[in-house]
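Q: Quick one: sequence and predicted model below, then my questions.
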Amino acid sequence: MVMRNRDYWRKRFELLEEAQLKKGLDYYNDLEREYKKASETIEQQITAWYNRFAKNNQISFAEAKQLLNSSELDELRWTVQEYIKYGKQNAVNGQWIKQLENASAKVHISRLEALKLQMQQQVEVLYGNQLDGLDKTMRNIYSEGYYHSAYEIQRGFNVGYDLHRFNNQQLSAVISKPWTPDGKNFSDRIWQSKDQLINTLHTELTQSIIRGDAPDKAIKTIAQKFNTSKNNAGRLVITESAFFASASQRDCFSDLDVERYEIVATLDSHTSPLCQSLDGKIFEMKDYKVGLTAPPFHCWCRTVTVPYFDDNTGFRAARNAEGKIYYVPDSMKYPEWKKSFVDGESKAGLKEMAKADILKVDFIPAKSIREAEQYAVDNLGFSNVSYKDIDVDVANGVNESIGEFYEEYPVLNGFIQNLETNGRIKATASAGMNVIEGKILPKLMLSKRDLSDLTGVRTLIDKAVSNQWWTPKDGAAGIIKHELGHMLEYVTTMKKYGVDLGTTDVSLINSAFRAIKNGELSSKIKSEALKNLKLVNNKDTITENLSGYGFTSSLEFLAEAVSEHNPRPLAQEVVKLLKEEMERIFNGSST
């Protein structure tokens, strides 16, 4: 499993947030055109109204209140019927349709009322479209933001597994839920803004007539009100876009067991002092609160959250995943990923992984021996643990080292079942020994000591990693990994010979054990590694390429190479060849 650095996550999620907010900006650009179109239509209606009823380009309030004559009333009714038909076909507010139907049934309507009906129709259509458009855009921002966040995290760790696809009911529940302190959602705000604009237009028109304003002045005043409403709509669109982009990441992080997130602000001349001060701050997911610890922090906010993983924290979501897990290559594009892991289409060509292959154990140093023992049971799969008589720092070293080794070599994940200490640690491998000891031992020329070598680790680490015992440069970790390197050689050789812990075939076990005692795997890899690096097995090349202890026996060479914390070239080559050999043996690879 790959561990990406902090800059990787910041870059990927900054780009993702930019793409999500662009959807809001694109919709707002469309909305601006709708506002311009509605404003121009109202301008034309006012101009036509003045041309029809005004004298010398003026109209009195009394003249405006005069009733339409029968032919003018018929014309209005025809127009109103068109409005009603349009409204029913396009799901315009039902309350407004009812008002239109009532107006169509009236015998007497004033000139001013007729114009107000025409103006309000434009506003009703504008805001009806705005609600539909904003709802559609927010659904897209949330769902795609969620999927894209999951894609970035899965691809970041090279793992993939199926996610649920949102249905309309789920999205409606998310989109309709108010998130601001006043308890209003964007639908409430749109209808409130619509009512305010209608009232403002009606008031401005009436007052312009009372003042005796020329039509161009009335039109200019109303256009200004439209522009104010448009700007308010822009703030609403961008703020809601920022919220639902953030909410989609929040929910995705929670579902994928991301425990912490980082605030990343776009730092330029437009960045607010608040966002500048929060840039780089790291919070627990349980503390996520919009406006306080998560964006948007203000209108037009461009700040983003990104998953935060330090050196001890990785991707744990596979613990909750159901079904199969697949390797996701870095080159896999979002559309292909979405088809495979969201839409449920074919995963042909993707390599299936075992869940154990991708679990990352979060290491938090224990404060007591009891806490260290509980950590080993909860996170390392041990059945019984006793860290009696060792220092808590040594116990933490054991836990951390085993966890790291399990991650790099997942075939051993959970393999050790029991740890017991009495100054030094003794580990016993997973279940199956009883079968071998009870049914096979009598037929084999093997002692229990031999079987212990085959299926367990004996002495791992000294009480205080003291000078009484050889200690590599990185202390406890090197000793642990050296002994686990032996385990790795054992299980790989057994797998090669078709032996597992339930095997009862004496000949297979004898063959596997002879190969282990002869260091077959280690000798093979040693020969290939020296050849590849053009090294000669002599004293001049030993110490600068691998510790001298690794050359004391073929049984120690592989384990010693695996244990190096900062591997030298020979150790690196050995590990590379070992992983290739394990791939062939465990996965049947031909490469």
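A: Looks like it came in fine.

Q: Where does pLDDT dip in the stretch 1-150 of the chain?
A: 1-6 (pLDDT under 70).

Q: and with 80 instead?
A: Of all residues in the stretch 1-150 of the chain, those with pLDDT under 80 make up the ranges 1-8, 56-57, 91.

Q: Same question for the stretch 351-500 of the chain.
A: 351-364, 377-384, 388-391, 393-394, 407, 410-480, 499-500.

Q: one more time with 70, if that's ok
A: By pLDDT under 70, the weakly predicted segments of the stretch 351-500 of the chain are 354-362, 413-415, 417, 421-476, 500.

Q: ranges for the helices of it?
A: For the stretch 351-500 of the chain, the helices defined by DSSP state H, counting those that start in this stretch cover 369-380, 392-408, 433-435, 448-455, 476-496.

Q: what packs against the longest helix along the chain?
A: Counting by DSSP state H, the longest helix found in the chain is helix 6-53. Where contact means 3 or more C-beta pairs under 8 Å, 6 or more residues apart in numbering; DSSP states H and E, helix 6-53 is packed against helix 111-156, helix 215-255, strand 260-264, strand 304-307. In short, each C-beta sits where N, CA and C put it, glycine included.

Q: what helix or strand does the residue nearest to Asp343 when sequence neighbours are not counted sit in?
A: Among residues not flanking Asp343 along the chain, Arg165 sits closest, at 6.8 Å (C-beta to C-beta, 6 or more residues apart in numbering). Of the helices and strands defined by DSSP states H and E, none includes Arg165.

Q: confidence score at Arg165?
A: Note for Arg165: predicted pLDDT of 86.

Q: quick one, what contacts it?
A: Residues in contact with Arg165, defined by C-beta atoms under 8 Å, 6 or more residues apart in numbering, are Val342, Asp343, Gly344.

Q: Make a markdown table out of these and add distance to Val92 and secondary structure.
A: Below are the contacts of Arg165 laid out as a markdown table (distance: C-beta to C-beta, whole Å; DSSP: H, G, I helix; E, B strand; the rest coil):
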| residue | distance to Val92 | secondary structure |
| --- | --- | --- |
| Val342 | 34 | coil |
| Asp343 | 34 | coil |
| Gly344 | 37 | coil |
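
Q: now the helices of the stretch 351-500 of the chain in JSON lines, with mean neighbour count and distance to Trp337?
A: Compiled in JSON lines, the helices of the stretch 351-500 of the chain are given as follows (neighbours: other C-beta atoms under 10 Å; distance: least, C-beta to C-beta, whole Å):
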{"stretch": "helix 369-380", "mean neighbour count": "18", "distance to Trp337": "29"}
{"stretch": "helix 392-408", "mean neighbour count": "21", "distance to Trp337": "24"}
{"stretch": "helix 433-435", "mean neighbour count": "14", "distance to Trp337": "43"}
{"stretch": "helix 448-455", "mean neighbour count": "16", "distance to Trp337": "41"}
{"stretch": "helix 476-496", "mean neighbour count": "22", "distance to Trp337": "32"}
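
Q: With distance to Val290 as extra columns, can I get these in a markdown table?
A: Compiled in a markdown table, the helices of the stretch 351-500 of the chain are given as follows (distance: least, C-beta to C-beta, whole Å):
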| stretch | distance to Val290 |
| --- | --- |
| helix 369-380 | 33 |
| helix 392-408 | 35 |
| helix 433-435 | 55 |
| helix 448-455 | 54 |
| helix 476-496 | 42 |
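
Q: for the residue nearest to Ala218 when sequence neighbours are not counted, helix, strand, or coil?
A: Distances taken as C-beta to C-beta, 6+ apart place Ser208 nearest to Ala218, at 3.8 Å, with adjacent residues excluded. The three-state label given to Ser208 by DSSP: H, G, I helix; E, B strand; the rest coil is helix.

Q: Report the distance from stretch 49-68 to the chain centre.
A: 62 Å (C-alpha atoms, centre = their mean, to the nearest Å).

Q: Enumerate the positions of the one helix or strand Arg584 maps to that are buried.
A: Assigned by DSSP H and E, Arg584 belongs to helix 569-587. Using 16 or more other C-beta atoms under 10 Å as the test for burial, helix 569-587 gives Leu570, Ala571, Gln572, Glu573, Val574, Val575, Leu577, Leu578, Glu581, Met582, Ile585.

Q: same check, this time on stretch 95-111
A: So, applying 16+ other C-beta under 10 Å, buried residues of stretch 95-111: Trp96, Ile97, Leu100, Ala103, Ser104, Ile109, Arg111.

Q: Now go through those residues and say which are in helices.
A: Per DSSP H, those map to helices at Trp96, Ile97, Leu100, Ala103, Ser104, Arg111.

Q: now the fourth one: how far from Gln81?
A: Read it as Ala103. Using C-beta to C-beta, to the nearest Å, Ala103 is found at 11 Å from Gln81.

Q: and what of Leu21?
A: 42 Å.

Q: So those two - more neighbours on which side?
A: Leu21 (20 against 13; other C-beta atoms under 10 Å).
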